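Participant: For reference, the sequence and a predicted model appear below.
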Amino acid sequence: MVERVERKERAQARAKATANAPGPTEIRSHLVRTELLKASVWLGLALLIAACVVLIQPILLIFAAIVMASMLDGGTRLLGRILPIARGWRLAIVCLSLLAFLAWTAMFAGSQIASQAATLQQVIMFQVERIAAWAADHGMGNFQIDTKTIADNIAGTVGRVTAAVGTVLGALTSLVMIVVLGIFIAIEPRLYERGVAWMLPMKHRENFYITTARMGFTLRRLMAGRLLGMLVEGIGTWLACLAVGIPMAALMGLLTGLLAFIPNIGAIVSGVLLVLVGFSAGTDAGLWAIVIYLVVQTVDGYLIVPMVAKKTVDLAPALVLGAQILLGALLGIMGLFLADPIVAMIKVALEREAERNAGAAPKDVKAAAV
């Protein structure tokens, strides 16, 4: 009887010891816990990078919407200097003005531009074939050029990540999403800024607000300069082509204005198109096209760009061109369009971080809300 009780007590003790023993998932070693924590951080970082690669298309669309919101916000602030009414009404006026301009363009210039665009491809291909034939006659090789080959080369050059904007329907859908999201951000930008800041530690929020204020100030001025350059180049090219008799003047002005949004590369592409179309109408028109291109680019490069650079970040041309090549190859046409603002934002963030490391006092931001 006594032995039975003792065996029972020993069995209960073993059961209690087993219940209190650490399980296979419990790690009591401080070293192992530390290494597992490091491994989890690196794994999380790898998963974050993978998610960014997979979601690069919506990320670019969101950043494009932020750029659109900065332009709408800049127009709203500028209008506030001459029209002292509520910010919501000023933003509505800016949006309605943009909509009215697009509607006017579609109604009065849409049919003319559409008819000119139908013949632009034929004119360009004819001029390219003439150049290829001239090169073959002078012993530079035999080139087989067609529209499909050129399109495939361009697609391979700018990358395939943003294939969603490669079609007309995809481009229109992306544009509508960018505009709508940009309007929502522009209506209440501080709401989203506070939301992001809320997820940061308290000690980093002040620096976040200063950095985002400088980024917003820089982005508004940068986009204002881009819009001014697009307006000057587009209207100047259109009027000059009309004056000297270069065909497809309206389409050339529209393409030159749109491509002016892309520094360096846009000017080269618009110049090539303008010269090819000019020489299709004769030698005199081709020479005039060269003169128009040089004059327009000189005004933009030596008047508008320096004026904007003094108000914003002064980006080196080689830096912007390198970023365009890199982002265009990696991210496609969207990366090419957004390379300039991306580089500007990175530069502002790095300058702010260098200021903090140097212990300098933050400068007052001239981007106070109007």
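Facilitator: Now that the structure is in, tell me what you want to look at.
Participant: So for residue 313, what pLDDT did the model give?
Facilitator: What the model reports as pLDDT for residue 313 is 66.
Participant: pretty sure residue 177 is in contact with residue 60, am I right?
Facilitator: No. Between residue 177 and residue 60 there is no contact under Cβ atoms under 8 Å: 11.1 Å. C-beta coordinates here come from the backbone N, C-alpha and C atoms, glycine included.
Participant: Output stretch 92-103 as CSV - backbone C-alpha positions only.
Facilitator: What follows is stretch 92-103, C-alpha atoms only, in CSV (Å, rounded to 0.1, in the frame of the first residue of the first chain):
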residue,chain,number,x,y,z
ALA,A,92,-12.4,73.3,-57.4
ILE,A,93,-11.6,76.3,-59.8
VAL,A,94,-8.2,74.7,-60.7
CYS,A,95,-9.8,71.3,-61.4
LEU,A,96,-12.6,72.8,-63.4
SER,A,97,-10.1,74.9,-65.4
LEU,A,98,-8.1,71.8,-66.2
LEU,A,99,-11.2,70.0,-67.3
ALA,A,100,-12.4,72.9,-69.4
PHE,A,101,-8.9,73.1,-71.1
LEU,A,102,-9.0,69.3,-71.9
ALA,A,103,-12.6,69.6,-73.3
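Participant: Now find how far off-centre that stretch is within its chain.
Facilitator: Mean C-alpha position of stretch 92-103 versus that of the full chain (Cα atoms, centre = their mean, to the nearest Å) differs by 22 Å.
Participant: in it, what's buried?
Facilitator: Across stretch 92-103, burial judged by 16 or more other Cβ atoms under 10 Å covers 94-95.
Participant: what comes into contact with it?
Facilitator: 72, 75-76, 79, 83, 183 (Cβ atoms under 8 Å, 6 or more residues apart in numbering).
Participant: Helix or strand next in line after the helix or strand bottoming out on mean pLDDT in the chain, which one?
Facilitator: Each helix and strand of the chain was given a mean pLDDT (mean pLDDT, DSSP states H and E); the minimum falls on helix 147-158 at a mean of 54. On the C-terminal side of helix 147-158, the closest following helix or strand by DSSP states H and E is helix 168-187.
Participant: how about that following helix: buried residues?
Facilitator: For helix 168-187, the neighbour count (16+ other Cβ under 10 Å) marks 174, 178-179, 181-183, 185-187 as buried.
Participant: tell me what that helix is packed against?
Facilitator: helix 56-80, helix 87-104 (3 or more Cβ pairs under 8 Å, 6 or more residues apart in numbering; DSSP states H and E).
Participant: make it 6 Å
Facilitator: When contacts are defined as 3 or more Cβ pairs under 6 Å, 6 or more residues apart in numbering; DSSP states H and E, helix 168-187 sits against helix 56-80.
Participant: what's the helix it packs on packed up against?
Facilitator: With contacts taken as 3+ Cβ pairs under 6 Å, 6+ apart, helix 56-80 sits against helix 87-104, helix 168-187, helix 202-244.
Participant: Rebuild the ones you listed as TSV, extending it with mean pLDDT.
Facilitator: Formatted as TSV, those follow (pLDDT from 0 to 100):
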stretch	mean pLDDT
helix 87-104	86
helix 168-187	82
helix 202-244	87
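Participant: Please name whichever of those is nearest to residue 56.
Facilitator: The closest of the helices and strands packed on helix 56-80 to residue 56 is helix 168-187. By Cβ to Cβ, the value is 13.2 Å.
Participant: between the helices and strands packed on helix 56-80, which one is nearest to residue 301?
Facilitator: helix 202-244 (9.3 Å).
Participant: That closest one - contacts with which helices or strands?
Facilitator: Packing contacts for helix 202-244, counted by 3+ Cβ pairs under 6 Å, 6+ apart, involve helix 56-80, helix 189-198, helix 249-259, helix 283-299, helix 333-358.
Participant: Please identify the most buried of the ones you listed.
Facilitator: Comparing these by mean neighbour count (mean count of other Cβ atoms under 10 Å), helix 249-259 comes out on top with a mean of 22.
Participant: after it comes which helix or strand?
Facilitator: Once the chain leaves helix 249-259, the next helix or strand it forms, by DSSP H and E, is helix 265-280.
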